[in-house]
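>>> What follows is a predicted structure for the sequence shown.
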Amino acid sequence: MTTPAPAYRDPNLPVDARVEDLLSRMTLEEKAGQLFHTMLSMAPGGDLAEDGPFLRYGTTELVAGRLLSHFNLLGQGTAREMATWANRMQELAAGTRLGIPVTLSTDPRHTFTDNPGASFNSGAFSAWPEPLGLAAIGDADLVERFADTVRREYLAVGFRVALHPQIDLATEPRWSRQSGTFGSSAETTSELVRAYVRGLQGPALGPESVAAMVKHFPGGGPQKDGEDPHFPHGKEQVYPGGLREHHLAPFAAAVEAGCSQMMPYYGQPVGTDWEEVGFGFNKGVLTGLLRERLGFDGVICTDWGLLTDAEIMGEPAEARAWGVEHLSVAERAAKALDAGSDQFGGEQCPEVIVELVRSGRVPEERIDASVRRLLREKFVLGLFENPYVDVDRAEETVGAAEFTALGEAAQRRSLTVLGNSALLPLTGRPRLYVQGVAPGTAAAYGEVVADPAEADVAVLRLRTPYEQRPGRFESFFHSGSLAFPEDELKEILRLLDTVPTLVCVNLERPAVLPEIAERAAALVADYGASDAALLDVAFGRARAEGRLPFELPRSMAAVAASRPDVPNDTADPIFPYGHGLTV
């Protein structure tokens, strides 16, 4: 006699009934495993990694031993490798007692930035400008098409949660995370996040959706001195301009749009009526504001690494338990659960939850409330019916010509012409001197020469200045001064005085460049664009449509005097918010 399948395996039952049936069958250890969303790397060829960077435990131990089922893939791979890895992860999960499928997630992968703490460059995926560039274009339909492209490419390789969009407002010019935002405007960010959620999730969350984990609630832009709360010296978040509500507006829009998940930031609010603890531990913010006032009933997943000290890139990393550093790991977990967090990002210690329940410090009903949300999303995404992907189709989909063309067109549109002394558009085949541009690419547009004195035109690509910080991990977070160092500036100006020069500055943050703006024959901003995209615009083969998504300050003194929570607050900016020329 055949044993009937458990009710949670019956797709004809309502989702909530399936959730309750599965929940009733789970041990405390199985429930605890659901509360962790940790990192995993992938072994060569799409094999499961059992050791390596970022791994405290091997993949088999995490899935079959510690019973985790939410994983964030680190590192790059081909489409075939990622799809193969996803299927092997699902096969491993299928062999556990209840066969709960894994939910696989990723940080952004469709741009030019490569910061292992925040995003990866596009690799196998189609390449688009950073969200700042999408904001520079300001086209909600384009953002929806972008997010739909992300959805289709992610689905092909098995990613079902996007650890984005990032909708903090870029109000502190020095903050290192601005490239992932939609700039300084709450209105623009609100409009674009609605489009982004539609593109990822569709009209409603379902089997063809990628769940959007919107971050970083309640807005991580107003960091004191622009330092980042990944690090102890950057933990304070301040509102000297009194614009706390202004930073909340995009998150209200995301909730209205139906985003499935929300990530609170590390920041510790200072000088407000909120408790001075990091937002992942902050009950007034998560329960009072997000749950009760905004009506959000999706998953709240903390940012990565709030509970335990760790090692990152071979260096010790303190837990980002800002304001609760004195608490034990168990006490931190209990406080985060009491605050309203459902899941711990980057952690893998379910035994802590088990002990909290068995000791009576946290009721099992509280764990059940979070597990319900997490299981419900798995069912709604269709993971119990179809957790596997087609490896051949993944190769056809990821980086497909259609998606690549859309991304390349967006790169060109996003370029922002800040100044032009009749240099652009270039014509004919001039003698070109290039720095920061691949000579092979430039050769398709003109004759490349080695000496600027022999050139008709120079093309110089620069990056926003930053201060080199100690530590390998922190070096990826570009912080500090926005002004070019004196020696570098002298070399730049020497070139500008030698030959008419098109200067293109990659704005991952606002740059302080008044001398360059004054002496460049043309000045363009990019937010992630290929050399070909820049040269197509320079030669009039494509049209730049970008407008600055934040202002460019005139000096570092003006930056230091501005208020971190107030958008576009520096005195006499060299270029104001929204500036851009049509060539």
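Thanks, I have it.
>>> quick one: D309 from A319, how far?
Distance, D309 to A319, by C-beta to C-beta, to the nearest Å: 5 Å. Every residue, glycine included, has its C-beta placed from N, CA and C.
>>> Same question for V389.
35 Å.
>>> neighbour-wise, which of those two wins?
Ranked by neighbour count (other C-beta atoms under 10 Å), V389 and A319 place V389 first, with 22 against 18.
>>> Now the residue nearest to W274 when sequence neighbours are not counted: phi and psi?
Using C-beta to C-beta, 6 or more residues apart in numbering and skipping the chain neighbours, the partner closest in space to W274 is G284 (5.2 Å). In terms of degrees, to the nearest 10, the main-chain angles of G284 are phi -60, psi -30.
>>> Pull the number of nearby residues for R97.
There are 11 residues near R97, going by other C-beta under 10 Å.
>>> Distance-wise, check it relative to S260.
Going from R97 to S260 by C-beta to C-beta gives 27 Å.
>>> Equivalent analysis for Q268, please.
Taking C-beta to C-beta, one finds Q268 at 27 Å from S260.
>>> Report the backbone C-alpha coordinates of stretch 167-179 in PDB.
This file holds the C-alpha atoms of stretch 167-179, laid out as PDB (Å, rounded to 0.1, in the frame of the first residue of the first chain):
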ATOM      1  CA  ILE A 167      16.900  52.500  -2.100                       C
ATOM      2  CA  ASP A 168      18.900  54.500   0.500                       C
ATOM      3  CA  LEU A 169      19.100  58.200  -0.500                       C
ATOM      4  CA  ALA A 170      22.500  59.500  -1.500                       C
ATOM      5  CA  THR A 171      22.500  62.400   0.900                       C
ATOM      6  CA  GLU A 172      26.000  62.100   2.400                       C
ATOM      7  CA  PRO A 173      28.500  62.700  -0.400                       C
ATOM      8  CA  ARG A 174      31.300  60.600   1.100                       C
ATOM      9  CA  TRP A 175      29.300  57.500   1.800                       C
ATOM     10  CA  SER A 176      30.700  54.400   0.000                       C
ATOM     11  CA  ARG A 177      27.500  52.700  -1.000                       C
ATOM     12  CA  GLN A 178      26.000  55.400  -3.200                       C
ATOM     13  CA  SER A 179      26.600  53.700  -6.500                       C
END
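>>> so for that stretch, what's the average pLDDT?
The average pLDDT for stretch 167-179 rounds to 97.
>>> can you tell me which residues contact the closest residue to G419 other than its chain neighbours?
Spatially, and ignoring its direct neighbours in sequence, G419 is nearest to L523 (4.2 Å; C-beta to C-beta, 6+ apart). Residues in contact with L523 (C-beta atoms under 8 Å, 6 or more residues apart in numbering) are V417, L418, G419, N420, L502, V503, C504, V505, L513, I516, A517.
>>> how much space between L523 and S41?
41 Å.
>>> for the stretch 101-250 of the chain, what are the low-confidence residue spans?
114-120 (pLDDT under 70).
>>> Please enumerate the strands of it.
Under the criterion DSSP state E, counting those that start in this stretch, the stretch 101-250 of the chain contains strands at 103-106, 159-162, 211-217, 236-237.
>>> other SSEs contacting the third one?
Based on contacts counted as 3 or more C-beta pairs under 8 Å, 6 or more residues apart in numbering; DSSP states H and E, the elements that strand 211-217 packs against are strand 159-162, helix 186-201, helix 244-256, strand 261-264.
>>> closest one to L132 among those?
Within the helices and strands packed on strand 211-217, the stretch nearest L132 is helix 186-201; the backing value is 11.0 Å (C-beta to C-beta).
>>> how far is that closest one from where the chain is centred?
From the chain centre to the centre of helix 186-201 is a distance of 14 Å (C-alpha atoms, centre = their mean, to the nearest Å).
>>> Could you pull out the buried residues of the helix or strand encompassing A517?
Here A517 sits within helix 514-519, counting by DSSP states H and E. Across helix 514-519, burial judged by 16 or more other C-beta atoms under 10 Å covers E515, I516, A517, R519.
>>> Also stretch 202-219?
202, 205, 209-219.
>>> Which one of those residues is nearest to G58?
Nearest member of the buried residues of stretch 202-219 to G58, counting by C-beta to C-beta, is M213, at 25.4 Å.
>>> Which parts of the stretch 301-450 of the chain are helices?
For the stretch 301-450 of the chain, helices defined by DSSP state H, counting those that start in this stretch occupy the ranges 329-339, 350-358, 364-380, 391-397, 401-414, 439-442.
>>> Any chance of a markdown table for those helices, columns mean neighbour count?
Output for the helices of the stretch 301-450 of the chain, formatted as a markdown table (neighbours: other C-beta atoms under 10 Å):
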| stretch | mean neighbour count |
| --- | --- |
| helix 329-339 | 21 |
| helix 350-358 | 18 |
| helix 364-380 | 19 |
| helix 391-397 | 17 |
| helix 401-414 | 19 |
| helix 439-442 | 14 |
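>>> between those, which one is nearest to G298?
helix 364-380 (6.8 Å).
>>> and of the helices and strands packed on strand 211-217, who's closest to E454?
helix 186-201 (44.1 Å).
>>> which other helices and strands contact the closest one?
Using 3+ C-beta pairs under 8 Å, 6+ apart: helix 186-201 touches helix 131-137, helix 140-157, strand 211-217, helix 244-256.
>>> tell me which residues in it are buried?
Result for helix 186-201 [16+ other C-beta under 10 Å]: buried residues 186, 188-201.
>>> With stretch 315-330 instead?
Residues of stretch 315-330 classed as buried by neighbour count (16+ other C-beta under 10 Å): A317, A319, R320, A321, W322, G323, V324, L327, V329, A330.
>>> Regarding stretch 545-553, how distant is the last residue from the first?
22 Å (C-alpha to C-alpha, to the nearest Å).
>>> do the same with stretch 178-195
19 Å.
>>> can you redo the helices and strands packed on helix 186-201 as JSON lines with distance to R358?
Putting the helices and strands packed on helix 186-201 into JSON lines (distance: least, C-beta to C-beta, whole Å) gives the following:
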{"stretch": "helix 131-137", "distance to R358": "44"}
{"stretch": "helix 140-157", "distance to R358": "38"}
{"stretch": "strand 211-217", "distance to R358": "30"}
{"stretch": "helix 244-256", "distance to R358": "35"}
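>>> nearest to P14, of these?
Judging the helices and strands packed on helix 186-201 by C-beta to C-beta, what sits closest to P14 is strand 211-217, at 19.7 Å.
>>> Kindly calculate the angle that that closest one makes with helix 364-380.
130 degrees (axes from the mean of the first three to the mean of the last three C-alpha atoms, to 10 degrees).
>>> and the angle from strand 211-217 to helix 244-256?
170 degrees.
>>> Off-centre distance for strand 211-217?
On C-alpha atoms, centre = their mean, the centre of strand 211-217 falls 9 Å from that of its chain.
>>> Return it as CSV; C-alpha atoms alone will do.
Extracted C-alpha coordinates of strand 211-217, given in CSV (Å, rounded to 0.1, in the frame of the first residue of the first chain):
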residue,chain,number,x,y,z
ALA,A,211,11.6,38.0,-4.6
ALA,A,212,12.9,41.5,-4.0
MET,A,213,14.8,42.0,-0.7
VAL,A,214,14.7,45.8,-0.5
LYS,A,215,17.4,47.5,1.5
HIS,A,216,18.5,49.2,3.8
PHE,A,217,15.6,50.1,6.0
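>>> I'd like the helices and strands packed on strand 211-217 as TSV, with distance to P53 appended.
Converted to TSV, the helices and strands packed on strand 211-217 look like this (distance: least, C-beta to C-beta, whole Å):
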stretch	distance to P53
strand 159-162	20
helix 186-201	28
helix 244-256	32
strand 261-264	23
